[in-house]
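# give the three-dimensional model of this entry:
(one chain, ligands or ions: 3)
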Amino acid sequence: MTEEELKYSYFDTEPVSDEILEKMDEMRKKGKLVPDLTLIKRPSQIAGIREAGRINTEVLDEVTRTIHAGMSTQQIDDIVREFTAKKEAICAPYKYDGFPKSVCTSLNNEVCHGIPARHRKLQDGDIINVDATTIFHGYYGDASRMFEIGNVSPKRKKLVEETKKCLEIGLAAAKPWATVGDIGAAIAKYAHSRGYSVVRELGGHGVGVDFHEDPFVAHEAKAGTGMVLVPGMVITIEPMINAGRAAVVIDPYNGWTIYTRDGSDSAQWEHTILITETGNEILSY
Ligand code: MF3
Ligand code: CO
Ligand code: CO
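Residues are numbered from 1 along each chain as shown. Ligands and ions are numbered 1, 2, ... in the order given. Below is the predicted model of the structure:
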């Protein structure tokens, strides 16, 4: 079976419950944007995504154990690549749309998609996001963490902690029959109350049978807008929070790395979650 055929085969073997279908109809009649049935993962798919998420967590745990001042971001790439291979899994970033490395390493004023390099050494006082995505048996798990290198200034520490809080606030808003806009509204409200800005050009996403699926999960949005969250959907929440202004620029040389336009620091944390009947479950622990 092709990936596409496999995706649709679950329609027959593991159908969505009548109760959920009725509720989706109800929401549709209210004018809400309702996901198509390929976005609602079935039990066997969820089991696969959970497994990928678990390996991805082990990858980030390995980075947590080994990251240190003086090492290069290429060494982080080496650790992620080798550890993932040992688990017989695949690093999703490698060759994804031409991305040249196995993991994203984004330092200080880099918002995301930092490219590991031998010449880029971690220095005392740096903050860095390591974003890993693992494919296992065709399923995807996607998560990222921040790391503080040596003695980090109170200002940077606060940005890292408050950004983690933004993710937690987003998680609390990710409930069945809410919308993705509710997630962004909650995150932006908190971030702004702390004097931070929210990156708008990039966001969370559906994930699981592909790297990036619908819906786009904006981290700054209007409550009640966007796609309805239905039990069985798997999405990421991954707020990118800037200490300064929200505007970003893309690296003109590598075409990948996103920086804050004003040079201010940026932080990000990411989890993959399953929308459940009662709330959500983190699949990247
Ligand atoms: N892991 C990133 C995300 O959270 C995507 C990175 S794309 C890459 O969506 F090509 F840069 F790896
Ligand atoms: Co990611
Ligand atoms: Co992601």
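# so how far is ligand 2 from the closest residue to A188 other than its chain neighbours?
Nearest residue to A188, sequence neighbours excluded (CB to CB, 6 or more residues apart in numbering): E220, at 3.9 Å. The way it works is simple: take the backbone N, C-alpha and C, and place the C-beta from them, glycine included. Computed with CB to the ion, to the nearest Å, the distance linking E220 and ligand 2 is 18 Å.
# okay, and E220 sits in which element?
Using DSSP states H and E, E220 sits in no helix or strand.
# surely it meets Y190?
No. Contact criterion CB atoms under 8 Å: E220 and Y190 do not qualify, at 10.9 Å.
# what residues does this protein have near ligand 1?
Contact residues, the chain versus ligand 1 (CB under 6 Å from any ligand atom): 93, 96-97, 99, 104, 113, 131, 133, 142, 236, 238, 270.
# count the residues that sit near the residue nearest to Y8 when sequence neighbours are not counted.
Setting aside the residues directly before and after it, Y8 is nearest to T38 in space (CB to CB, 6+ apart), at 7.1 Å. Per other CB atoms under 10 Å, the neighbour tally for T38 reads 16.
# surely T38 is in a helix?
Yes. Assessed by DSSP: H, G, I helix; E, B strand; the rest coil, T38 belongs to a helix.
# check the gap between R65 and V59 for me.
According to CB to CB, to the nearest Å, R65 and V59 sit 11 Å apart.
# correction: the previous question concerned R118.
Distance, R118 to V59, by CB to CB: 21 Å.
# same check, this time on D124
25 Å.
# out of those two, which sits in the more crowded spot?
Between D124 and V59, counting by other CB under 10 Å, V59 is the more crowded of the two (26 against 10).
# okay, and the more buried one sits in which element?
helix 43-66.
# now swap in N129 and tell me
Counting by DSSP H and E, N129 is part of strand 127-136.
# next, the buried residues of stretch 250-257.
Neighbour counts using 16 or more other CB atoms under 10 Å place 256-257 of stretch 250-257 among the buried residues.
# mind checking the SS state of the residue in the stretch 151-285 of the chain that ligand 3 sits nearest to?
In the stretch 151-285 of the chain, the residue that lies nearest ligand 3 is T236 (4.0 Å; CB to the ion). Three-state call for T236 (three-state DSSP): strand.
# can you pull the contacts of it?
By CB atoms under 8 Å, 6 or more residues apart in numbering, the contact set of T236 is 142-143, 204-205, 207, 217, 270-273.
# can we see that at 7 Å?
142, 204-205, 207, 217, 270-272 (CB atoms under 7 Å, 6 or more residues apart in numbering).
# can you flag the buried ones in those?
Here, 16+ other CB under 10 Å leaves 142, 204-205, 207, 217, 270-272 buried among the contacts of T236.
# pLDDT-wise, which helix or strand of this structure ranks last?
helix 3-13 (a mean of 86; mean pLDDT, DSSP states H and E).
# need the contact partners of that helix.
Identification of contacts with helix 3-13 by CB under 7 Å, 6+ apart yields 1, 37-38, 42, 45, 138, 209.
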